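S.K.: the amino acid sequence is not available; the structure is as follows:
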């Protein structure tokens, strides 16, 4: 008696593909619910005049046209760019130097695992906590920073209410909060460098500086790419840390665009303008990230 096999029986390859799709399904649903849907929604709201209560009024691109004329827009845009450049540059540079120090093996070195924990610990704290810590430290009367300056014979600095100085203060706080993650990524890159290349350089009489410039830094190009892109994105969309340190003062000099988005959304209920500013920020971040990726990836290809 003949048995009939189902025409719809899946092959082994089809089962394998189906299993892979099922594993991707939870992440796909998560991305759709928490990234795609909010992004589409904010683009939609940016085309309307709406206060969250009354009926929505379609205004098209008018909200985008109003952005340059809103109070303090250009000062905040400038502050956002300065903050992002300062944080990205210092975090990547300092993170690389810290990684080099923690990776160095020597007779008198302190336990590297303990040191790595201390450098990484600030990354475990929320931005608001880091901001509050540094606001206390930058306090004009009784702050730790001014106390140390006074011990060195330097007059106290009004870190939180001085143009230019306050921006430096929030950059310092942000660097302290992010440097650990950057250093960890660099450490992973350093540990993947083949030791035989460094040993060959030693036999050729290369100095430590030459080894760093000719071997270590070129081979660290992928780690540099990751750190530059992720740090710059985090800096452009930062909110709680800069705000808790300076409250956006003095004037608009440290008030970045994310703070203004919050103001329009929850203080004045101008959701259309807030959404338009959010879309603009997303576009700027995307363009800058793509440019960085192109330039840094091109540098990786050289090596």
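M.R.: Here it is on my side, so go on. As the structure is a computational prediction, the values presented were derived from the model and not from experiment.

S.K.: show me the shaky parts of the stretch 201-303 of the chain.
M.R.: 300-303 (pLDDT under 70).

S.K.: tell me which stretches of it form helices.
M.R.: In the stretch 201-303 of the chain, the helices defined using DSSP state H, counting those that start in this stretch lie at 208-211, 217-219, 221-236, 240-246, 257-262, 271-302.

S.K.: and what of the stretch 1-150 of the chain?
M.R.: 12-31, 37-45, 62-66, 73-103, 112-120, 127-137, 144-151.

S.K.: would you format these as JSON lines with distance to residue 232 included?
M.R.: For the C-beta atoms, the positions are set from N, CA and C on the backbone; glycine is no exception. Formatted as JSON lines, those follow (distance: least, C-beta to C-beta, whole Å):
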{"stretch": "helix 12-31", "distance to residue 232": "22"}
{"stretch": "helix 37-45", "distance to residue 232": "19"}
{"stretch": "helix 62-66", "distance to residue 232": "24"}
{"stretch": "helix 73-103", "distance to residue 232": "4"}
{"stretch": "helix 112-120", "distance to residue 232": "20"}
{"stretch": "helix 127-137", "distance to residue 232": "16"}
{"stretch": "helix 144-151", "distance to residue 232": "26"}
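
S.K.: just tell me which of these ends up closest to residue 297.
M.R.: Across the helices of the stretch 1-150 of the chain, residue 297 has its closest neighbour in helix 73-103 (16.1 Å, C-beta to C-beta).

S.K.: give the buried residues for that closest one.
M.R.: Buried residues in helix 73-103, counted by 16 or more other C-beta atoms under 10 Å: 73, 76-77, 79-84, 86-92, 94-96, 98-100, 102-103.

S.K.: that older thread, Serialize the helices of the stretch 1-150 of the chain to a markdown table and add fields for distance to residue 188 and mean pLDDT.
M.R.: Converted to a markdown table, the helices of the stretch 1-150 of the chain look like this (distance: least, C-beta to C-beta, whole Å; pLDDT from 0 to 100):
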| stretch | distance to residue 188 | mean pLDDT |
| --- | --- | --- |
| helix 12-31 | 23 | 90 |
| helix 37-45 | 31 | 95 |
| helix 62-66 | 41 | 95 |
| helix 73-103 | 9 | 94 |
| helix 112-120 | 11 | 83 |
| helix 127-137 | 24 | 96 |
| helix 144-151 | 32 | 96 |
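
S.K.: nearest to residue 284 among those helices would be which one?
M.R.: Per C-beta to C-beta, nearest to residue 284 of the helices of the stretch 1-150 of the chain: helix 73-103, 8.7 Å.

S.K.: quick check: angle from that closest one to helix 112-120?
M.R.: 170 degrees (axes from the mean of the first three to the mean of the last three C-alpha atoms, to 10 degrees).

S.K.: packing partners of helix 73-103?
M.R.: helix 112-120, helix 165-191, helix 221-236, helix 257-262 (3 or more C-beta pairs under 8 Å, 6 or more residues apart in numbering; DSSP states H and E).

S.K.: how about these, which one is nearest residue 14?
M.R.: The nearest among the helices and strands packed on helix 73-103, by C-beta to C-beta, is helix 221-236 at 35.4 Å.

S.K.: in the closest one, what's buried?
M.R.: 221, 223-236.

S.K.: mind checking how far the residue nearest the centre of the chain is from residue 254?
M.R.: The centre of the chain sits closest to residue 234, judged by C-alpha atoms, centre = their mean, with a distance of 2.1 Å. Separation of residue 234 from residue 254 (C-beta to C-beta, to the nearest Å): 17 Å.

S.K.: go on, residue 131?
M.R.: With C-beta to C-beta as the criterion, residue 131 and residue 254 are 12 Å apart.

S.K.: same question, residue 173
M.R.: 11 Å.

S.K.: give me the more crowded residue out of those two.
M.R.: residue 254 (30 against 26; other C-beta atoms under 10 Å).

S.K.: the nearest residue to that one once chain neighbours are set aside: how many residues sit nearby?
M.R.: Once flanking residues are discounted, residue 254 sits nearest to residue 246: 4.3 Å by C-beta to C-beta, 6 or more residues apart in numbering. When neighbours are counted by other C-beta under 10 Å, residue 246 registers 24.

S.K.: nearest to residue 69, of the helices and strands packed on helix 73-103?
M.R.: helix 257-262 (13.3 Å).
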